[in-house]
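*Asks:* Got a sequence here, can you model it:
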Amino acid sequence: MDTASTLADFLRAARARLRPGDVGLSGAGLSARRVPGLRRDEVAQLAGVSVDYYTRMEQGRIKHASDAVVSALCDALRLSPTERSYLFSLFSPPTGRTVQEKRSTKVRPILRQMMEQMDNTAAFVLGVGMEVLAMNELAKALLHDFTKEAGLARSLARWAFLAPEARAFYLEWDEVAADMSSILRRDSSSHPNDSKLNELIGELTVKSDEFRKWWPQHTVYECSFGSKPLMHPLVGRLEIEYETFPIPGQPDQQLFLYTAKKGSPSADALKILASWKSEAPAAAAPSTKSD
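*Replies:* Next up is the predicted model:
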């Protein structure tokens, strides 16, 4: 990843997303703007730096800045906590990361055991590039059995963008897929030289019109908790509640838990799905492979 150009693109994208009213600017001429977003001089004013200095930042000519300046930029551009971390990482790119960048793909046996013992909860572990590293049986039945896949096909993001059935599965596909694009953008910052991740990004850029549209927007996102509606081909609509947890000792891994509110129709559907999986483990779900 070219850090200088990525930094420049991120600053321009963040500036373009804002409107003068978002940052308390008002006055004559605002409604007559030809280009949406803030101007460079307005960002510079808000951040307390010179216009020339900020312009050189957007041109990729300034690669390092003090924490105070970066923090002021974060405030000026109204960045989220995840975006703030991302911008700091771009101004202080990691060095000597040969060892650190090696993917952590092994899931501890005790964690796998804990996942299998979870009742009516789909549990899975994601690594860099949203690679599925482990799943319990309910997660395989609810999503797709990524443990049978190899290479890039183990990426949940790749499945979401390229598998036709994923668009029917995620009832809010646009929102989910955009978030996944933003998660990959975050991963690309912490693993800029990861060949497998870069190959995934390249494939999605070529094969997905939506990814090609969202990737240049330079949004970053960290999935934490929430809810999402799903449409499963066997049990129908589910309202899923999800939580994510970092795995101690494995900074590149996150545990995802998908469940439903107790006593809800979605909880009953998960029970049915879990029962189907335990009674017919060899039953084949529709193929989700994409070329």
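
*Asks:* Enumerate every residue touching the nearest residue to Phe88 once chain neighbours are set aside.
*Replies:* By the measure of C-beta to C-beta, 6 or more residues apart in numbering, the closest residue to Phe88 outside its immediate chain neighbours is Val70, 5.6 Å from it. C-beta here means a position set from N, CA and C on the backbone, and glycine is covered the same way. For Val70, the set of contacting residues under the criterion of C-beta atoms under 8 Å, 6 or more residues apart in numbering consists of 87-88, 91.

*Asks:* same deal with Asp119?
*Replies:* Neighbour list for Asp119: Ala274 [criterion: C-beta under 8 Å, 6+ apart].

*Asks:* so it is in which element?
*Replies:* Assigning secondary structure by DSSP states H and E places Asp119 outside every helix and strand.

*Asks:* For Ala44, grab the count of nearby residues.
*Replies:* The burial metric for Ala44, expressed as a neighbour count using other C-beta atoms under 10 Å, is 20.

*Asks:* That should have said Asp174, apologies.
*Replies:* Here the count is done by other C-beta under 10 Å, and Asp174 has 11 residues near it.

*Asks:* The one 3 residues further on now?
*Replies:* Summarising burial for Ala177: neighbours were counted as other C-beta under 10 Å, giving 21.

*Asks:* how close does the closest residue to it other than its chain neighbours get to Asp252?
*Replies:* Here the nearest residue to Ala177 in space, its sequence neighbours aside, is Ala160; by C-beta to C-beta, 6+ apart that works out to 5.5 Å. Applying C-beta to C-beta, to the nearest Å, the value for Ala160 to Asp252 is 20 Å.

*Asks:* Equivalent analysis for Ser188, please.
*Replies:* Summarising the geometry, the distance separating Ser188 from Asp252, computed by C-beta to C-beta, is 13 Å.

*Asks:* Beyond the helix or strand where the residue nearest to Phe88 lies, next helix or strand please.
*Replies:* Here Val70, judged by DSSP H and E, is contained in helix 67-76. Counting by DSSP H and E, the next helix or strand C-terminal to helix 67-76 is helix 81-91.

*Asks:* tell me how far that next one is from the chain's mean position?
*Replies:* 14 Å (C-alpha atoms, centre = their mean, to the nearest Å).
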